[in-house]
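A.B. asks: Provided below for reference: sequence and predicted model.
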Amino acid sequence: MLVNIDSLAASISTISGTVIVIDVLRAFSTAVVAFQNGVTKIIMVEEVEQALEIQRTGLADISMGEVDGIKPEGFSFGNSPFELSNAKIKGATVVQSTRAGTTGVEKASKAGASTIFAASLMNASITADLVKLSKCESVSIFAMGAWGTTRSDEDEQCALYLRNLLQGRKPDHESVLNLVRVGEEAQKYGDSNQPQYHPKDLDIALKIDSADFAIRIEKTDGLLVAKPVKI
């Protein structure tokens, strides 16, 4: 299997086949926690206005996401794994909009990807297992970074972690964790000047391979719908 790694939203152009979009802090860690807490499906969109319209028309029960790390006006929840871990959301349909993760998913779909997975460190191993089982000839991994415009340690490390798994190697968890914790983005969590970044968000997002499901996105009735997938 040929494994390609690229970074940032601008790198997603014309592609085909299987794509893994990475957003560790925090979109797809939040999505993992939402599914762990009983959400049925997540509709992923790029823009806040799209999410609000989907919620308004009843296609989604609740909304979650961020702009500059902050919950947009009218949204039910922010882009926080910790917040979603305490939410009563079992059975709900969610719409999610973020500046990096869901933007990458939408761009990958428009660029021609046939299969899209949303990945974080929480579900990296199961995602790699499902991709290997598909026996695809190649997979493209996109590390979305901060706001989709600046490379970030956590997404780059997750991409390398996935590549090692896909190629049959077993990376050391502690090495990955140490590199991410000293990275620039990780310093926001617990910073009193940036209360939108809860310190427990980082702790949750760094629970490597704690989820037993991948997140696969398929287009349904014109919407990009994410659901948990197990082996």
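C.D. replies: That came through, no problem.
A.B. asks: in this protein, which residue is closest to the centre?
C.D. replies: Nearest to the geometric centre of the chain sits F28, at 2.3 Å (C-alpha atoms, centre = their mean).
A.B. asks: which SSE is it in?
C.D. replies: Here F28, judged by DSSP states H and E, is contained in helix 27-36.
A.B. asks: dump the residue contacts of the residue nearest to the centre of the chain.
C.D. replies: Contact analysis of F28 by C-beta atoms under 8 Å, 6 or more residues apart in numbering lists V21, I22, G101, A118, A119, S120, M122, N123, I215. Bear in mind the C-beta positions are built from the backbone N, C-alpha and C, glycine included.
A.B. asks: out of the residues you listed, the closest to L162 would be?
C.D. replies: In terms of C-beta to C-beta, no member of those lies closer to L162 than A119, at 6.7 Å.
A.B. asks: how close does the closest one get to D6?
C.D. replies: Using C-beta to C-beta, to the nearest Å, A119 is found at 14 Å from D6.
A.B. asks: quick one: which of the two has more around it?
C.D. replies: A direct count of neighbours by other C-beta atoms under 10 Å for A119 and D6 places A119 higher, at 32 against 14.
A.B. asks: I'd guessed the more buried one sits against C158; true?
C.D. replies: Yes - taking contacts as C-beta atoms under 8 Å, A119 lies within contact range of C158: 6.8 Å.
A.B. asks: need the overlap of contacts for those two.
C.D. replies: Common neighbours of A119 and C158, using C-beta under 8 Å, 6+ apart, are I22.
A.B. asks: give the contact list for the residue lying closest to R151 once chain neighbours are set aside.
C.D. replies: Closest residue to R151 apart from its sequence neighbours, by C-beta to C-beta, 6 or more residues apart in numbering: G145 at 4.7 Å. Applying C-beta under 8 Å, 6+ apart to G145 gives the contacts S7, L8, A100, R151, S152, D155, E156.
A.B. asks: reformat those as CSV; add neighbour count.
C.D. replies: As requested, those are exported to CSV (neighbours: other C-beta atoms under 10 Å):
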residue, neighbour count
S7, 19
L8, 20
A100, 30
R151, 13
S152, 25
D155, 32
E156, 19
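A.B. asks: farthest pair in those?
C.D. replies: Largest separation among these by C-beta to C-beta: A100 and E156, giving 12.9 Å.
A.B. asks: so how far is the helix ranked longest in the chain from its chain's centroid?
C.D. replies: The longest helix of the chain (DSSP state H) is helix 153-166. Its chain's C-alpha centre and that of helix 153-166 lie 13 Å apart, by C-alpha atoms, centre = their mean, to the nearest Å.
A.B. asks: tell me the helices and strands packed up against that helix.
C.D. replies: Packing partners of helix 153-166 (3 or more C-beta pairs under 8 Å, 6 or more residues apart in numbering; DSSP states H and E): strand 2-7, strand 18-22, helix 124-134, strand 138-143, helix 173-181.
A.B. asks: kindly recompute the last result at 10 Å.
C.D. replies: Counting contacts by 3 or more C-beta pairs under 10 Å, 6 or more residues apart in numbering; DSSP states H and E, helix 153-166 packs against strand 2-7, strand 18-22, helix 27-36, strand 115-119, helix 124-134, strand 138-143, helix 173-181, helix 199-205.
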